[in-house]
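Asks: Requesting a structural model of the entry that follows:
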Amino acid sequence: MVDVGAKTATARRAVAAGSIRMSAAAFAAVRDDGIKKGDVLGVARIAGIQAAKRTADLIPLCHPLAITSVEVECTLDATLPGVRVQAAVQTVGQTGVEMEAMTAASVALLTIYDMAKSADKAMVIEQVRLLEKSGGKSGTFRAR
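Replies: Coordinates of the predicted model:
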């Protein structure tokens, strides 16, 4: 791992997002709580939060962090059709939370796939990306 011991602890925040496209029938099943495994969006939200907290266990050389806040939003989008996920993670520390935000979004999307695959095995997870980050020496980043 990179030694971050000499870095100053600062407030850090990262926001990541992604989406999952699915058939109209699968979208309707998710929207109408017709998935046998249960509340797809609620479970995906919790899975994303858990994933952010476990990022260092999943990604080699990623520092374990004391996360101060994780927010995961799963929003139905009929224009896809599918679900858009956005994850925001915060900490006060010596390294950023970009990986935690992207892991949270990715795992939330994978959870949606797992729960709804009985309705549509051809779902596509796409555009998982960092939208913004702030804090630390490199300052603020916002995706275009």
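
Asks: now the helices for this protein?
Replies: Secondary structure of the chain, counting by DSSP state H: helices at 24-31, 40-53, 55-58, 98-116.

Asks: List the buried residues of the second one.
Replies: Of the residues in helix 40-53, those buried by neighbour count under the rule 16 or more other CB atoms under 10 Å are Val40, Leu41, Val43, Ala44, Arg45, Ala47, Gly48, Ile49, Gln50, Ala51, Ala52, Lys53. (Glycine included, C-beta is placed from N, CA and C.)

Asks: correct me, but the first one touches Phe27?
Replies: No: counting by CB atoms under 8 Å, Val40 stays clear of Phe27, with 10.6 Å between them.

Asks: residue contacts, the residue nearest the centre of the chain?
Replies: Nearest to the mean C-alpha position of the chain, by CA atoms, centre = their mean, lies Ala105 at 1.4 Å. Neighbour list for Ala105: Ala16, Ala17, Gly18, Gly48, Val72, Val85, Gln86, Ala87, Val128 [criterion: CB atoms under 8 Å, 6 or more residues apart in numbering].

Asks: Check those residues against Ala78 and report the nearest one.
Replies: Ranked by distance to Ala78 (CB to CB), those are led by Val85 at 15.7 Å.

Asks: For that closest one, which non-adjacent residue is closest in space?
Replies: Ala108 (4.6 Å; CB to CB, 6 or more residues apart in numbering).

Asks: Now for that neighbour: which residues touch it?
Replies: So Ala108 contacts Ala44, Arg45, Ala47, Gly48, Ala51, Val72, Cys74, Val85, Ala87 (CB under 8 Å, 6+ apart).
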